[in-house]
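Novice: structure for the following, please:
(one chain, ligands or ions: 1)
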Amino acid sequence: MTDSAPLKTRYRDAGCGQLDASWADRDAVVAGWVHRRRDLGGLYFVDIRDRTGLLQLSFGDWTDESSLNLLEDLNPEDVIQARGIVGRRPAAAINPGMSTGEVELQVAHLDRLSVSEPLPILVYQPPEEELPSDELRLQHRVLDLRRPEMQHNLRLRHVVTDATRASLTEQGFLEVETPLLTRQTPEGARDYIVPSRMHQGRFFALPQSPQLYKQLLVTGGCDRYFQIAKCLRDEDLRADRQPEFTQIDIEMAFVEQEDVFEMAERMFTRIWSDGLGEELETPFAHLPHAEALERYGTDKPDLRIPWELIDLTDVLTGIGFGIFDGAASAGGRIRGFVARGGAALSRSRVDHYNERAQEAGAKGALWLKRTSEGWSGAPARFVGEETAAELVALTGIDEGDILFIVAGPDHESNPALDVLRRYVARELDAVAEDESRWLWITEFPLFEKDWDTGEIAPAQHAFTMPVNPDPALIAEDPLSVTAHAYDIVYNGMEFGSGSIRCHYPDVQRAILSAIGLTPQQIEARFGFLLEAFRYGVPPHGGVAVGLDRLVAVMAGSTSIRDVIAFPKTAAARGLLEGSPSTVEPEELAELGIRIDPQG
Ligand code: ASP
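Specialist: Model prediction:
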């Protein structure tokens with residue numbers, strides 16, 4: 001991703017990183033920040049930096065005196081302007097790792113445009129040094145953003161949004177903005193609310209996503225809508241979530257699910273090719289939700305891990321091991337997976353996995369190792385010859401392998417087996433890191449049950465078309481209803497989700513009432529949607545892709561904060577500007593709000 005933008009202005013002829021060998025022997029003026037100064041026994045060099053990269057400035061008897069004096073005085077991050085002649089470096093000094101590595105600017109005259117005070121965090125980071133803490137980086141984000149890695153990330157993000165716009169425009173989409181001040185929306189998280197001065201006691205909500213607006217846009221005849229949309233959710237932040245994040249938000253009229261898939265695959269292909277120079281193979285694989293849970297214990301499986309879950313209930317009940325019999329007689333199952341080569345894992349590692357399984361909600365994880373000496377692990381003495389033969393036949397376990405086992409109801413064992421599968425695979429280097437595995441997860445259930453409260457909630461959101469759009473079935477047996485809903489998963493990460501929407505008002509009412517809303521509440525909250533659906537609504541569907549995660553993955557970053565210019569901390573604070581902040585009592589009075597310090 002070279003930055004060849006035409007950057008010539010009255011201050012400079014080109015970006016610092018753009019002066020390659022084709023500039024040799026020409027006069028040039030550049031401007032940028034002092035990245036690093038080196039003094040090699042009377043020979044002075046300064047690396048000057050801007051977003052395009054670094055250029056070596058060299059000083060000597062071709063430099064005027066005032067510039068040599070200034071050189072002595074330069075601080076890191078001063079902003080300077082240098083004019084001189086682009087010279088070829090001697091062969092021994094060529095740096096093939098830099099776009100400007102074959103040349104240097106032999107400075108005739110240097111000006112300082114702005115002075116930098118001593119830096120609270122370094123921009124030029126010697127490679128062996130660790131980055132400053134996240135807190136310091138966010139507090140001094142302006143300096144942090146100057147680091148070449150962050151400049152690369154900003155640029156990559158731009159290339160991704162640019163490719164998105166280009167692909168969607170080619171596919172007939174219109175970019176439409178939707179309101180930020182809106183009414184509470186139903187994506188399942190807490191809303192950020194904004195008090196209204198003109199209507200005291202009333203509040204706007206910031207959108208959790210433009211879900212209803214995009215459905216109203218296609219109902220309004222727009223046909224194909226997209227937006228690079230800000231979404232705001234006031235959640236207790238889990239690792240690497242942000243209270244405001246960005247989605248590539250998409251909606252289309254007159255489509256079935258496969259139309260949405262084809263559109264999105266074209267878009268991802270363009271993004272991957274523009275951003276990474278790689279060709280994607282399409283169509284992406286499809287995996288029904290129930291099958292994903294059965295084979296991997298999760299609806300976002302990482303298919304780069306070759307191991308699959310196996311149902312061991314028939315083989316392992318009745319062998320005399322109480323935990324297995326107890327789980328099976330309570331209606332649960334015994335499931336597990338074989339980690340190839342895992343018999344070499346130490347006892348303490350394996351015990352540690354047990355803790356991970358418990359953290360994920362299971363009672364624990366058991367294991368059976370098979371080695372040349374036979375079987376080991378807590379259930380081993382119950383594994384007679386016949387059971388051993390059945391296990392080998394069912395799981396393919398070989399000498400040197402380990403079988404991890406979790407017993408219990410699926411809603412407890414699935415998360416535990418998922419965590420173990422991913423965790424152990426990483427430790428045993430069993431993840432095919434060089435592969436890219438894209439996957440559509442399809443046929444989500446319409447609803448799911450909260451196992452703690454027993455409540456029923458939409459598995460994705462409430463505006464999804466059931467495969468069988470029968471209001472009576474939705475009322476009687478909601479958990480049996482599947483939906484035309486899908487997720488896009490890349491290497492075990494959910495990149496986005498979407499659905500075909502429910503465009504039948506009576507079915508939409510049945511869905512909203514199944515999640516516990518009264519007819520009055522339905523009218524008050526969603527009357528505007530149902531009203532719009534009374535006057536001719538096209539079948540429609542869409543998808544929303546999380547831009548931050550997408551770019552972070554493409555940038556090889558582990559944190560989405562690295563691809564957001566001004567992110568919040570994990571405690572939802574803006575450290576740079578100091579938000580959230582208090583406001584003056586008069587402003588609160590105007591809003592009719594009084595702070596109750598006890599509250
Ligand atoms: N609005 C949904 C979300 O934010 C995505 C969609 O169904 O298009 O998850």
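
Novice: and the residue nearest the centre of the chain?
Specialist: Arg549 (1.9 Å; C-alpha atoms, centre = their mean).

Novice: the stretch 201-350 of the chain against the ligand: which residues are in contact?
Specialist: For the stretch 201-350 of the chain, the contact set with the ligand under C-beta under 6 Å from any ligand atom comprises 209, 211. Just so you know, the C-beta spots here come from the backbone N, C-alpha and C atoms, and that holds for glycine as well.

Novice: which parts of the stretch 1-150 of the chain are helices?
Specialist: 65-73, 134-139, 141-146, 148-170 (DSSP state H, counting those that start in this stretch).

Novice: could you check how far Ala589 is from the ligand?
Specialist: 36 Å (C-beta to the nearest ligand atom, to the nearest Å).

Novice: hmm, the helix or strand containing the residue nearest to the centre of the chain in reach of the ligand?
Specialist: Using DSSP states H and E, Arg549 sits in helix 547-555. No: using C-beta under 6 Å from any ligand atom, helix 547-555 stays clear of the ligand, with a minimum separation of 12.0 Å.

Novice: would you quantify the distance from the residue nearest to the centre of the chain to the ligand?
Specialist: 13 Å.

Novice: now do Arg534
Specialist: From Arg534 to the ligand the distance is 22 Å (C-beta to the nearest ligand atom).

Novice: one step back: from the middle of its chain, how far away would the helix holding Arg549 be?
Specialist: Going by C-alpha atoms, centre = their mean, to the nearest Å, the spacing between the C-alpha centre of helix 547-555 and its chain's C-alpha centre is 6 Å.

Novice: buried residues, the helix or strand following that helix. List them.
Specialist: Toward the C-terminal end, the helix or strand that comes next after helix 547-555 (DSSP H and E) is helix 585-591. Using 16 or more other C-beta atoms under 10 Å as the test for burial, helix 585-591 gives Leu591.

Novice: now tell me what touches helix 585-591 from outside.
Specialist: 195-197, 200, 594-595 (C-beta atoms under 8 Å, 6 or more residues apart in numbering).

Novice: the residue nearest to the centre of the chain reaches Ile560, doesn't it?
Specialist: Yes: the pair Arg549 and Ile560 qualifies as a contact (C-beta atoms under 8 Å) at a distance of 5.9 Å.

Novice: residues contacting Ala544?
Specialist: The neighbourhood of Ala544, defined by C-beta under 8 Å, 6+ apart, consists of 209, 229, 247-250, 496-498.

Novice: pLDDT of the longest strand along the chain, averaged?
Specialist: Counting residues, the longest strand found in the chain (DSSP state E) is strand 27-40. Per-residue pLDDT values over strand 27-40 give a mean of 95.

Novice: by contact count, what packs against it?
Specialist: Where contact means 3 or more C-beta pairs under 8 Å, 6 or more residues apart in numbering; DSSP states H and E, strand 27-40 is packed against strand 43-50, strand 53-59, strand 79-88, strand 103-114.

Novice: okay, angle between the first one and strand 53-59 too, please.
Specialist: In terms of direction (axes from the mean of the first three to the mean of the last three C-alpha atoms, to 10 degrees), strand 43-50 departs from strand 53-59 by 150 degrees.

Novice: tell me the secondary structure at the residue in the stretch 401-550 of the chain that the ligand sits nearest to.
Specialist: In the stretch 401-550 of the chain, the residue that lies nearest the ligand is Ala544 (3.6 Å; C-beta to the nearest ligand atom). Assigned with DSSP: H, G, I helix; E, B strand; the rest coil, Ala544 falls in the strand class.

Novice: who does the residue lying closest to it once chain neighbours are set aside form a beta bridge with?
Specialist: Closest residue to Ala544 apart from its sequence neighbours, by C-beta to C-beta, 6 or more residues apart in numbering: Gln247 at 4.3 Å. Taking DSSP bridges as the rule, Gln247 bridges to Ala229, Gly546.

Novice: what's the first helix or strand after the worst-scoring helix or strand of the chain on mean pLDDT?
Specialist: When the helices and strands of the chain are scored by mean pLDDT, DSSP states H and E, helix 347-359 comes last with a mean of 89. As assigned by DSSP H and E, the chain's next helix or strand after helix 347-359 is strand 366-371.

Novice: what residues sit buried inside that next one?
Specialist: Result for strand 366-371 [16+ other C-beta under 10 Å]: buried residues 366-370.

Novice: who does the following helix or strand past that strand pair up with?
Specialist: Next in sequence after strand 366-371, counting helices and strands by DSSP H and E, comes strand 374-376. In the sheet, strand 374-376 lines up against strand 366-371 (antiparallel) (DSSP bridges).

Novice: the partner strand - what's its average pLDDT?
Specialist: For strand 366-371, mean pLDDT is 96.

Novice: and if you look at stretch 278-286?
Specialist: The average pLDDT within stretch 278-286 is 97.

Novice: so what's the closest residue to Ala328 other than its chain neighbours up against?
Specialist: Once flanking residues are discounted, Ala328 sits nearest to Thr317: 4.3 Å by C-beta to C-beta, 6+ apart. By C-beta under 8 Å, 6+ apart, the contact set of Thr317 is 324-325, 328, 334.

Novice: just Arg38 next, same as before
Specialist: With C-beta under 8 Å, 6+ apart, Arg38 has these contacts: 44-47.

Novice: any chance of those residues in CSV, plus distance to the ligand and neighbour count?
Specialist: Shown next, in CSV, are the contacts of Arg38 (distance: C-beta to the nearest ligand atom, whole Å; neighbours: other C-beta atoms under 10 Å):
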residue, distance to the ligand, neighbour count
Tyr44, 55, 19
Phe45, 51, 17
Val46, 48, 24
Asp47, 44, 21
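
Novice: so where do the strands sit in the stretch 301-450 of the chain?
Specialist: Using DSSP state E, counting those that start in this stretch, the strands found in the stretch 301-450 of the chain span residues 310-311, 333-339, 366-371, 374-376, 401-408, 438-442, 447-449.

Novice: adding distance to His461, write those out as TSV.
Specialist: Converted to TSV, the strands of the stretch 301-450 of the chain look like this (distance: least, C-beta to C-beta, whole Å):
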stretch	distance to His461
strand 310-311	32
strand 333-339	30
strand 366-371	38
strand 374-376	48
strand 401-408	29
strand 438-442	16
strand 447-449	11
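
Novice: out of those strands, flag the one nearest Leu293.
Specialist: strand 438-442 (9.7 Å; C-beta to C-beta).

Novice: is the ligand contacted by the closest one?
Specialist: No: Strand 438-442 is not in contact with the ligand by C-beta under 6 Å from any ligand atom; minimum separation 13.5 Å.

Novice: direction included, what does that strand pair up with?
Specialist: In the sheet, strand 438-442 lines up with strand 285-288 (parallel), strand 485-490 (antiparallel) (DSSP bridges).

Novice: kindly report the residues of this structure close to the ligand.
Specialist: The chain comes close to the ligand at residues 187, 209, 211, 461, 497-499, 542-544, as judged by C-beta under 6 Å from any ligand atom.

Novice: now the buried members of the residues you listed.
Specialist: So, by 16+ other C-beta under 10 Å, the buried ones in the residues of the chain next to the ligand are 187, 209, 211, 461, 497-499, 542-544.

Novice: Gln125: which of those residues is nearest?
Specialist: Ala544 (35.7 Å).

Novice: neighbours of Glu355, just the number please.
Specialist: Residues lying near Glu355 (other C-beta atoms under 10 Å) number 11.

Novice: ok, it to the ligand distance?
Specialist: 32 Å.

Novice: adding distance to Leu403, write the contacts of Arg38 out as JSON lines.
Specialist: Output for the contacts of Arg38, formatted as JSON lines (distance: C-beta to C-beta, whole Å):
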{"residue": "Tyr44", "distance to Leu403": "66"}
{"residue": "Phe45", "distance to Leu403": "61"}
{"residue": "Val46", "distance to Leu403": "62"}
{"residue": "Asp47", "distance to Leu403": "56"}
